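K.L.:
sharing a model that was predicted from the sequence below.
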Amino acid sequence: MDPHSSLNARRGRGVAWGWALLALAIASTGCNDIQKQKSRAMTASRHFQSLYNTGSCRQIYDDASAYFQSRETRPRWLKDCDEVRKRFGSWLEFTPTLNNAWPIGPIGIVWVRGSARFANGVAEVRLDWDLTHDRAALFNVLIEDGGEEVSIPGFTGAVRD
């Protein structure tokens with residue numbers, strides 16, 4: 001038996017596996033519907049705004065992602081939500097920017113960012129949504145106001161209680 005034939009056979013299988021993995025990656029990217037992700041994130045953002053305005057902080061928490069709930073305890077979220085509502089007031093308007101970055105490839109975290117007009121002033125808001133379970137679940141809230149950032153639960157890895 002030619003020692004090179006075994007090596008060439010292994011190389012052939014390796015190349016075949018490489019092509020198969022590339023085809024699978026292309027197919028999964030092709031199946032990823034960016035417009036559907038955008039629509040879900042925008043719908044979730046409008047729903048969040050509505051829940052925020054009605055003081056439905058408990059519902060926001062219950063609908064949030066596992067990441068959010070594992071980093072922000074319910075009592076802490078209820079306190080934070082109440083403080084944000086008192087500080088900014090009713091959320092009157094939200095204008096997402098047209099240049100939001102949307103993921104390409106496997107569904108994951110999608111954010112909606114834009115200018116928000118509240119009863120007590122204007123701020124930049126970014127809502128991060130986890131779309132991994134075929135629904136939008138709140139991942140993080142970021143509000144930038146006058147150089148100050150409010151990020152809940154944030155990305156420190158620490159549990160906020």
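P.N.:
Alright, I've got the coordinates.
K.L.:
helix or strand for residue 48, which one?
P.N.:
Under the criterion of DSSP states H and E, residue 48 resides in helix 34-53.
K.L.:
just checking, what packs against that helix?
P.N.:
Packing partners of helix 34-53 (3 or more C-beta pairs under 8 Å, 6 or more residues apart in numbering; DSSP states H and E): helix 57-63, strand 91-96, strand 109-118, strand 121-130. The C-beta positions use only the backbone N, C-alpha and C, and glycine is treated the same way.
K.L.:
what pLDDT, on average, does that helix get?
P.N.:
The predicted model gives helix 34-53 an average pLDDT of 91.
K.L.:
same question for stretch 77-95.
P.N.:
The model assigns stretch 77-95 a mean pLDDT of 97.
K.L.:
same check, this time on stretch 119-138
P.N.:
Over the span of stretch 119-138, the pLDDT mean works out to 92.
K.L.:
could you pull up the residues touching residue 142?
P.N.:
125, 126, 127, 128, 149, 150, 151 (C-beta atoms under 8 Å, 6 or more residues apart in numbering).
K.L.:
circling back to that earlier point, turn the helices and strands packed on helix 34-53 into CSV, including mean neighbour count and distance to residue 41.
P.N.:
Formatted as CSV, those follow (neighbours: other C-beta atoms under 10 Å; distance: least, C-beta to C-beta, whole Å):
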stretch, mean neighbour count, distance to residue 41
helix 57-63, 16, 14
strand 91-96, 15, 9
strand 109-118, 19, 5
strand 121-130, 20, 5
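K.L.:
quick one, domains of the protein?
P.N.:
1-31, 33-152 (automatic domain parsing).
K.L.:
most tightly packed of these?
P.N.:
By mean neighbour count, with neighbours taken as mean count of other C-beta atoms under 10 Å, domain 33-152 ranks first of these at a mean of 16.
K.L.:
now find how far off-centre that one is within its chain.
P.N.:
9 Å (C-alpha atoms, centre = their mean, to the nearest Å).
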